[in-house]
Structures are given as C-alpha cells and as structure tokens.
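**Q** for reference, the sequence and a predicted model appear below.
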Amino acid sequence: ATGIAIYFTIWWVVIFAVLPWGVRPPEHVEKGHASGAPANPQLGRKALIPFITAGDPLPNASVAIMHALVDYGADLIELGVPYSDPVADGPTIQHSSERAIARGVGIEQILGWVREFRERDVDTPIVLMGYLNPLEIYGYGRFASEARDAGVDGVLLVDLPVEESATIADLREAGLRQIF
C-alpha cells in the first residue's frame, strides 16, 4: 500500500507541478516534512528522501519531476536505475522498472538527466539505486567517471553485500559514496 501511495504521489507531482497547467509549491512548504524519515541533526529535522524510477512515468519528464520533488521539500533524491530483474524490490518498483525499460531507458540517459538537473540544482544530493549487473555491463570505471562528471553523489546497489564491496572500488575512487 505504501508503494502505491508513493506512486500516486509522484503522479500528483507530475500532473500539478510539472505539466504546463501545474501549480508551484506554497511558500510555507519546508524541506523534510515527512514523518518517519531519518533524522538529520545538521538540518534540525527529519530528511525527506523520495525515490523515483528514472524514466517512469515519462522519460522526457524525469528532470522536471526531480526539480518538482525538490520544490516540494526533497532533501535528497534516490533515482532508481531500471533493471529487468529487480528481485529485491516490491511490485511497484518492479513495474516502474519494466515501464522504463520498455521506453528504452538506460544508464546513459539517466546520467544525462542528472547532468541536466545539475544545470539548475547543484546542491540536492542524487543517489542512484539499482543493481550490480547493469554497472558491470556498462563498465565500473566508465560508470564511475561518467556518474561523477554528471553530478551523482552516491550509489546504492541492493545486491552487493558489504563483504564484496571491493568489486566497485572504482566508484569509491571516483568520489561516489557507497550506501549499504
């Protein structure tokens, strides 16, 4: 039920904040207003960290959705990298990955969207969430340098155990934070 609520929240953002007839957030919206979010002592409040799958619901709206999330209070954006077999995720994220893949979304496009997002916002951290296999196919070194240059701050790989984290040493060496 939570996944469905998040999905409909994202659609609400698309309809009301991204599309031309949309509205902008009220002046009183504060970042980090979601209950249950992790506490951030530096902010003096809880952090709001929304997740969206890159390229879903519409690939050409991804950057606008990211900006809308920040406008509505996001402190960090977790951007999902679509994968054909997302076994560690629930059905909502699985289906969003399927839709994005069906639209041809891949790592190059996602890094391009992060780069475009960074043209207007250099402060909001971007963490890519996904699986090891697409990075292995893309090439760890290539991904590390291109992700860093695009403005990615960190990577969360759900199928990489801590004990095997040496696999992605290239990412750490490029300055990307690894999240477990």
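**A** Arrived safely, thanks for sending.

**Q** which residues touch the host helix or strand of Q178?
**A** Using DSSP states H and E, Q178 sits in strand 177-179. Around strand 177-179, the neighbours that count as contacts under Cβ atoms under 8 Å, 6 or more residues apart in numbering are 127, 153-157, 165, 168, 171-172. In this view, the C-beta of every residue, glycine as well, is placed from N, C-alpha and C.

**Q** go again using 6 Å as the cut-off
**A** Here strand 177-179 makes contact (Cβ atoms under 6 Å, 6 or more residues apart in numbering) with 154, 156, 172.

**Q** could I get the buried residue list for it?
**A** Judged by neighbour count (16 or more other Cβ atoms under 10 Å), strand 177-179 contains no buried residues.

**Q** now do that strand: distance to the chain's middle.
**A** 14 Å (Cα atoms, centre = their mean, to the nearest Å).

**Q** parallel or antiparallel, list what pairs with it.
**A** The pairing partners recorded for strand 177-179 under DSSP bridges are strand 154-157 (parallel).

**Q** got phi/psi on the most centrally placed residue in the chain?
**A** Relative to the mean C-alpha position of the chain, the nearest C-alpha, by Cα atoms, centre = their mean, is the one of L79, at 1.1 Å. With angles defined as degrees, to the nearest 10, L79 sits at phi -100, psi 110.

**Q** ok, what's across the strand from it?
**A** Counting by DSSP bridges, L79 is bridged to I52, L128.

**Q** which parts of this structure are helices?
**A** 2-13, 62-71, 91-102, 107-118, 132-138, 140-150, 169-173 (DSSP state H).

**Q** looking at those, which is nearest to T53?
**A** helix 91-102 (3.8 Å; Cβ to Cβ).

**Q** buried sites along that closest one?
**A** Using 16+ other Cβ under 10 Å as the test for burial, helix 91-102 gives 92-101.

**Q** sorry, back to before: export the helices of the chain to a markdown table and tack on mean pLDDT and distance to G44?
**A** Below are the helices of the chain laid out as a markdown table (pLDDT from 0 to 100; distance: least, Cβ to Cβ, whole Å):
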| stretch | mean pLDDT | distance to G44 |
| --- | --- | --- |
| helix 2-13 | 48 | 25 |
| helix 62-71 | 96 | 19 |
| helix 91-102 | 93 | 31 |
| helix 107-118 | 98 | 26 |
| helix 132-138 | 95 | 35 |
| helix 140-150 | 98 | 30 |
| helix 169-173 | 95 | 30 |
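
**Q** filter the contacts of strand 177-179 down to the buried ones, PyMOL style.
**A** Burial among the contacts of strand 177-179 is assessed by 16+ other Cβ under 10 Å; the matching PyMOL selection reads:
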select buried, resi 154+156
